[in-house]
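Student: Need the 3D shape of this:
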Amino acid sequence: MHEIDPVLAARYRALAVQGLARAASPFQQVPDRLFVVDVARQKLALIEQGALALGFSISTALAGIGCEEGSFRTPPGWHRIHARIGEGAALGAVFRNRVATGEIWDGAMRSEDLILTRVLTLDGAEEGVNRGPGRDSLERTIYIHGTNQEALIGDPVSHGCIRMTNADVVALFDQAREGDPLLVAEWTVPDDALGLGRLHFAGVGGSGMSALAQFVRMRGGRASGSDRSFDQGQRAEGRALLEGLGVEIHAQDGSGVCGDCSAVIYSTAVEAQVPDFARAKALGLPLLHRSELLAHLVARQRTLAITGTSGKSTTTAMIFEILRGCGRDPSVITGGELQALQAEGLWGNAWAGRSDLLVIEADESDGSLVRYRPAVGVVLNLQKDHKEESVVADMFRTFRGRVREGLVLGEASNLAEWRQGSTVFGWGPDAKVKGEALELRPEGSAFEVEGVRFELPAPGRHNAENALAAIAACRLVGVPLAQMAAPLRMFRGVARRFQCVGEHRGVQVIDDFGHNPAKVAASIRTAHLRAGRVLAVFQPHGYGPMRFLWNDFVATFASELFPEDRLWMLEVFYAGGSATRDFSAADVVADIRARGVHAEFAPSREWLVEAIAREAREGDLVLVMGARDPSLSAFARAVLDALEGSAP
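Tutor: Modelled structure (predicted):
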């Protein structure tokens, strides 16, 4: 038995749904418990209530698939397990005519094909196909068994039976029951290059979910989805982009889960009472976390996975643009929206290139990064964000152990335990990819690595550090250092990562994703490089995160804002669901104001737009910060419009 890939449950269900359409199928719906023989991939799996319980490599017939007596082919279609033979027998026990001989195979090479260890006989369930005169699976003595040809498992080499390794056939035997349905599927999933069937994304409008749905379609798979915001008539542009790629959009009422749906993909943000989730559970469909699907894709490519509590999206974008600019034709799946891809008419968070290189953002906020086995791992930093540092450090420890080729690591002291064998980036003496001659400018930065000069149009020291990480990662996959300078010089950036909305009356308006204390601090510092005074707007992105980081936010705003700066805080963003709303942002503002900061609670966005328009003067920078709420970008544009419409 091999490590189970839960995503394959979708494939096996898709094969089973096709099996229901067979003329002699004895089933009207997919059984809750089902063994599937996937002939195309030489696999055998057990599906129970939509979940993949067991998975094995096998060998079916060298002569192919067929039912005729004497054909030496494996019979297709629906069967039932008829008899379990050999319980308790030793590994390597030899059977003839389904009876133990008392002989134990000694492991020596033999030309003879031995029936070993356990036997599961199969009874055909399709009259005229694998049941009846001249084509009866039971009469043809077709069964599942252990073999002395273990080295050939995974290739179709048998004389009609289904061969397994001896250890695997014991594991299968222990779970099999007489009467269990078994489907020998000789067919493939039609119109589906991924072979997973139609994947339905509940909450497809989210950043991570939309990226996966797009990538599935770009790779030739099938995808559908639903989103509460689409049902409410919101985000029409996002819906149109998905539909333009062939993602079928359904109402979030469970209707999209019916028919040929092979699995429902959900994220941590999707609650169990969402109709799609509840309907799938009732129907026994596979329920797969988005990170399980992403892990499935990661394992099949040479993947660079970027994690850390700050800078993931930007570093992911930098790596992608370097690889693309150097002709490596990579793919990307990320939570941020790359402006380079948006300029091509795309959403911006997914692209499928033609090479085997895939760049992904590996999220620590929900613990999903521990699922991935990337070729190259990148750990940028470790700060308190969604979880305590010690909890995130445990995840990084697991992630480090799953990296296949090399780890790129920040130089911070709290990452020191992983330095051995890693490529450290930074400015200090321990860095293998060391930045020197750093120049921080209002519109970007410049630095050198081993004598090669880099110009970066993204401002802030933190972005220069992100670029060093990207350089180190691309070097591990063979990109020469000198070739990276040009793509980084043309870096387009990520939407809402210190993105300039516009300028009027000498006042810049910046739209920014900053939502934890470290990111907020970095954004304010970068703003001070450009402006004499910062007018900061912050919307906490959830009650749980704000409660967890309350004191850290108070300390950050108190230390980073200058006396002449201003801070307005909007009410905590609430996207619905079961969050406990037991405080107001006004309570946080009171604590910040007590530290001497000029801070106010904004009772509404309309009030705040007018307040900023009155307060702003030439040389100021309005910094709008927050996450999760897609309408913050529209708010930033409303501030700019108000500046344009107000008297100088």
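Student: May I ask which helix or strand encompasses Trp607?
Tutor: Secondary structure from DSSP states H and E places Trp607 in helix 605-615.
Student: Show the average pLDDT along that helix.
Tutor: In this model, helix 605-615 has an average pLDDT of 97.
Student: Which element is encountered next along the chain beyond the longest helix along the chain?
Tutor: For the chain, the helix with the greatest residue count under DSSP state H is helix 543-560. Following helix 543-560 in sequence order, the next helix or strand is strand 566-569 (DSSP H and E).
Student: quick one, the helix or strand just after that next one and helix 543-560 angle?
Tutor: Next helix or strand after strand 566-569 toward the C-terminus (DSSP H and E): helix 585-593. Counting by axes from the mean of the first three to the mean of the last three Cα atoms, to 10 degrees, helix 585-593 points 20 degrees away from the direction of helix 543-560.
Student: Name the residues that touch the helix or strand following helix 585-593?
Tutor: Heading C-terminal from helix 585-593, the first helix or strand you meet, by DSSP H and E, is strand 599-601. Residues outside strand 599-601 that contact it (Cβ atoms under 8 Å, 6 or more residues apart in numbering): 557, 566-569, 584-586, 589, 592-593, 611. For the C-beta atoms, the positions are set from N, CA and C on the backbone; glycine is no exception.
Student: From those, list just the buried residues.
Tutor: Restricting those to buried positions leaves 557, 566-569, 585, 589, 592-593, 611, with burial counted as 16 or more other Cβ atoms under 10 Å.
Student: Any figure for the gap between the closest residue to Asp329 other than its chain neighbours and Arg219?
Tutor: Spatial nearest neighbour of Asp329, excluding adjacent residues (Cβ to Cβ, 6 or more residues apart in numbering): Gly353 at 4.1 Å. If you measure Gly353 against Arg219 using Cβ to Cβ, to the nearest Å, the figure is 10 Å.
Student: For the residue sitting nearest the centre point of the chain, which residues are in contact?
Tutor: Nearest to the mean C-alpha position of the chain, by Cα atoms, centre = their mean, lies Leu294 at 3.4 Å. If you count contacts by Cβ under 8 Å, 6+ apart, Leu294 has them with 212, 333, 360, 368, 371-372.
Student: ok so, going back, contacting residues around the residue nearest to Asp329?
Tutor: The contact partners of Gly353, by Cβ under 8 Å, 6+ apart, come to 324, 328-331.
Student: Pull out the CA atoms of stretch 365-377 and give them to me as PDB.
Tutor: C-alpha atoms of stretch 365-377 as PDB (Å, rounded to 0.1, in the frame of the first residue of the first chain):
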ATOM      1  CA  SER A 365      -2.700  30.300   8.300                       C
ATOM      2  CA  ASP A 366      -4.700  27.100   8.100                       C
ATOM      3  CA  GLY A 367      -1.800  24.700   8.400                       C
ATOM      4  CA  SER A 368      -2.200  23.400   4.900                       C
ATOM      5  CA  LEU A 369       1.500  23.900   3.900                       C
ATOM      6  CA  VAL A 370       2.300  20.600   5.700                       C
ATOM      7  CA  ARG A 371       0.600  18.600   2.900                       C
ATOM      8  CA  TYR A 372       3.000  19.700   0.200                       C
ATOM      9  CA  ARG A 373       6.100  17.900  -1.100                       C
ATOM     10  CA  PRO A 374       7.700  20.600  -3.300                       C
ATOM     11  CA  ALA A 375      11.000  20.300  -5.100                       C
ATOM     12  CA  VAL A 376      12.100  23.700  -3.600                       C
ATOM     13  CA  GLY A 377      10.700  25.200  -0.400                       C
END
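Student: Flag every buried residue along that stretch.
Tutor: Using 16+ other Cβ under 10 Å as the test for burial, stretch 365-377 gives 365, 367-377.
Student: Give me the residues contacting it.
Tutor: Residues from elsewhere that reach stretch 365-377, judged by Cβ under 8 Å, 6+ apart: 267-268, 289-292, 294-295, 298-299, 302-305, 307, 360, 362-363, 385-387, 395, 398-400, 402-408, 473, 476-477.
Student: Mind checking which of those residues are buried?
Tutor: For the contacts of stretch 365-377, a neighbour count by 16+ other Cβ under 10 Å gives the buried set as 267-268, 289-292, 294-295, 298-299, 302-305, 307, 360, 362-363, 385-387, 395, 399-400, 402-403, 406-408, 473, 476-477.
Student: if you look at those residues, which of them are in strands?
Tutor: 289, 302-305, 307, 360, 406-408 (DSSP state E).
Student: Need these in JSON lines (columns: pLDDT and distance to Leu44).
Tutor: Putting those into JSON lines (pLDDT from 0 to 100; distance: Cβ to Cβ, whole Å) gives the following:
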{"residue": "His289", "pLDDT": "94", "distance to Leu44": "25"}
{"residue": "Arg302", "pLDDT": "98", "distance to Leu44": "29"}
{"residue": "Thr303", "pLDDT": "98", "distance to Leu44": "28"}
{"residue": "Leu304", "pLDDT": "98", "distance to Leu44": "33"}
{"residue": "Ala305", "pLDDT": "97", "distance to Leu44": "31"}
{"residue": "Thr307", "pLDDT": "96", "distance to Leu44": "35"}
{"residue": "Ile360", "pLDDT": "97", "distance to Leu44": "30"}
{"residue": "Gly406", "pLDDT": "97", "distance to Leu44": "35"}
{"residue": "Leu407", "pLDDT": "98", "distance to Leu44": "36"}
{"residue": "Val408", "pLDDT": "98", "distance to Leu44": "39"}
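Student: These: which two are farthest apart?
Tutor: The span of these, defined through Cβ to Cβ, is set by His289 and Gly406 at 27.1 Å.
Student: what about stretch 540-550, distance to the chain center?
Tutor: 24 Å (Cα atoms, centre = their mean, to the nearest Å).
Student: swap that for stretch 516-535, sorry
Tutor: Relative to the centre of its chain, stretch 516-535 is centred 31 Å away, using Cα atoms, centre = their mean.
Student: these two touch, right, Glu618 and Gln508?
Tutor: No - Glu618 lies out of contact with Gln508 (Cβ atoms under 8 Å); the separation is 10.6 Å.
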